[in-house]
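In: only geometry, no sequence info:
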């Protein structure tokens, strides 16, 4: 099928299962609607990067998005490592895992799709810098997307994406019958200003019994609190069911090691107040959280307790990842546009 003739119809998979708005207690299915948004084009190979302004559909979550700018990340894939050199002990704990460079992208999410995707749409957070407070604030509708998860498309719409930052960051240009988008100076300035807080450098992956866990950590800065220095990180976690069995996340178990010599254990039900179900139709779930240390670096690792429909439970490994700080600058206060 010729790529230029392939029509893109946007239909969020979760929309088919939303509860009808006709009464809060109703369990009837909501009405879905197919809408043509453009024409699919062939995905680019890894060597050919996507550029600012390119539109895409997310291969896993199904939302419409637009590329803001790329990152080159070091991907530590324990699955690939085990294929190259099977471990004798069944674990890579304490063993070095080699990284490979892979392209990721900072993107905007269409706000019309946000209610129907199983990913937090306020996953990019910053430390506030007012009166040395410890407050956090979030930028809604930002995500980090792997090159492999992008399905690019073209459109003739002048404003194909609904997001409060779309017009501030991008300007449309005509290319034949299609509309393309280029970077405004405001996006370039915003990227330069917020680079320390947005930068994606490391990605960690590991699969246990067909459940793949991907972790991306970010340094957020430090604060003085009660006569001690506190360092903050956020981390984004994506769980994917690569198999056919329905699996539900029941518990989390974290171990957090600080360079100061402390080792903390954290247990709890679910994640961010949820116990997500991973099915073949809705195979992925993504969320973000935060951690603080009284030291400039440390490590985190752990497990998710997963349960199948037949009652079988197993521990899904969360790959170990480093918490590394960067030099703080008093002038690099994060900026937003709210």
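Out: Great, that's in hand. Quantities reported herein were computed from a predicted structural model and do not represent experimental measurements.

In: Just the buried residues of the longest helix along the chain, please?
Out: The helix spanning the most residues in the chain, taking DSSP state H as the definition, is helix 185-198. Of all the residues in helix 185-198, those buried under the rule 16 or more other C-beta atoms under 10 Å are 187, 190-191, 194, 196-198. Just so you know, the C-beta spots here come from the backbone N, C-alpha and C atoms, and that holds for glycine as well.

In: so can I have JSON lines of these showing distance to residue 302 and pLDDT?
Out: Below are those laid out as JSON lines (distance: C-beta to C-beta, whole Å; pLDDT from 0 to 100):
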{"residue": "187", "distance to residue 302": "36", "pLDDT": "95"}
{"residue": "190", "distance to residue 302": "34", "pLDDT": "91"}
{"residue": "191", "distance to residue 302": "33", "pLDDT": "90"}
{"residue": "194", "distance to residue 302": "29", "pLDDT": "84"}
{"residue": "196", "distance to residue 302": "27", "pLDDT": "80"}
{"residue": "197", "distance to residue 302": "25", "pLDDT": "80"}
{"residue": "198", "distance to residue 302": "26", "pLDDT": "86"}
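
In: of all those residues, which two lie farthest apart?
Out: The largest separation in the buried residues of helix 185-198, counting by C-beta to C-beta, is between 187 and 196 at 16.8 Å.

In: still on that earlier bit, packing partners for the longest helix of the chain?
Out: Here helix 185-198 touches strand 64-77, strand 124-127, helix 166-169, strand 211-225, going by 3 or more C-beta pairs under 8 Å, 6 or more residues apart in numbering; DSSP states H and E.

In: and stretch 169-182, how far out from the chain's middle?
Out: Per C-alpha atoms, centre = their mean, to the nearest Å, the displacement of stretch 169-182 from the mean C-alpha position of its chain is 27 Å.

In: what's the following helix or strand after the lowest-mean-pLDDT helix or strand in the chain?
Out: Every helix and strand of the chain was ranked by mean pLDDT, DSSP states H and E. The lowest is strand 7-10, at a mean of 58. Downstream of strand 7-10, the first helix or strand assigned by DSSP states H and E is strand 35-40.

In: Would you mind getting the angle between that following strand and strand 64-77?
Out: Angle between the axes of strand 35-40 and strand 64-77 is 60 degrees (criterion: axes from the mean of the first three to the mean of the last three C-alpha atoms, to 10 degrees).

In: tally of neighbours for the residue lying closest to residue 149 once chain neighbours are set aside?
Out: Nearest residue to residue 149 in three dimensions, chain neighbours excluded: residue 59, at 4.6 Å (C-beta to C-beta, 6 or more residues apart in numbering). Using other C-beta atoms under 10 Å, the number of residues around residue 59 comes to 13.

In: residue contacts, residue 59?
Out: 148-151 (C-beta atoms under 8 Å, 6 or more residues apart in numbering).

In: Drop anything exposed from those residues.
Out: Buried among the contacts of residue 59 by 16+ other C-beta under 10 Å: 149-150.

In: Could you say which of the helices and strands packed on helix 185-198 is packed most deeply?
Out: Among the helices and strands packed on helix 185-198, ranked by average contacts under mean count of other C-beta atoms under 10 Å, first place goes to strand 124-127 (a mean of 22).
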